[in-house]
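Engineer: Take a look and give me a structure for this.
(2 chains)
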Amino acid sequence: MEAKVAQKLHIFVNGIKYEDDRVKPQMNGGEIAALAEVPADQARVRYDTGPHHGEEIAADKTIDIHQADHFTVTRKEVQGGAY
Amino acid sequence: MSVERINVELALLQEGGIDAEYFPDQNAVLYRSVPTAGAPLNLPAASHVAVPIPGGYPASAIDLGGLPVGSPLIGRAKGQPNGPVITIAGQQYQYISYHPYQNEGGVWDPSKHGFHTYYGWVLTWLNFLK
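Structural biologist: Down below sits the predicted model:
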């Protein structure tokens, strides 16, 4: 008989897989940003897959996390380099 | 420089569906089809981006971003042409003076940063176009 092993919850942020204890069934935008080392107040977090693709997630907005969800985290501004 | 290290870093991105490849002859990594904020500006919605392997990597921080020569994103993304033009797979790339670890507050830590995390900086860069 084949045993089923529960797969640990994981998500991808900027293409990198995260499956440590910081990944939870519910997370807010700030927690997702923290995975990419972007401070919540400087982060722009968006869905990168699924029906909400492209939608922004506020730092204090809590969303349901699904297995292998993808997110993009960018900073709110670029300081360096003149045009 | 560690070829194995760079390939491990890129494998992390590839697991997440990011198309990234190391070109040792050109001493560069190429991220393919990086999304940009260009569509509303009638600019490309995605672009390949070449990034040089810095001398002494990984002790030295990754720097710069290279856009295809002739890309309308040059001059619209922050930074000025800086450094040589390189050719990867028949496409020329111009390096641009984007310095996340000098101007953006990034603190380079070779124990956890690399070409896998630099992709996030490239995403930020191409999300700000004038």
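Engineer: Could you use CA atoms for every contact and neighbour count after this?
Structural biologist: Will do.
Engineer: Chain neighbours aside, what residue packs nearest to residue A:66?
Structural biologist: With sequence-adjacent residues excluded and distances taken as Cα to Cα, 6 or more residues apart in numbering or on different chains, residue A:66 is closest to residue A:25, at 7.1 Å.
Engineer: I'd like to know how far that neighbour sits from chain B.
Structural biologist: 19 Å (Cα to the nearest Cα, to the nearest Å).
Engineer: Residue A:12 versus that residue, what's the distance?
Structural biologist: Residue A:25 sits 14 Å away from residue A:12, going by Cα to Cα, to the nearest Å.
Engineer: Residue A:60 too?
Structural biologist: According to Cα to Cα, residue A:60 stands 20 Å off from residue A:12.
Engineer: of the two, who's got more company?
Structural biologist: Neighbour count, other Cα atoms under 10 Å in any protein chain shown: between residue A:60 and residue A:12, residue A:12 has more, with 23 against 12.
Engineer: For that one, which residues are in contact?
Structural biologist: If a contact means Cα atoms under 8 Å, 6 or more residues apart in numbering or on different chains, then residue A:12 has A:18, A:68-71, B:16 as its contacts.
Engineer: Among the residues you listed, which one has the most neighbours?
Structural biologist: residue A:71 (25 neighbours).
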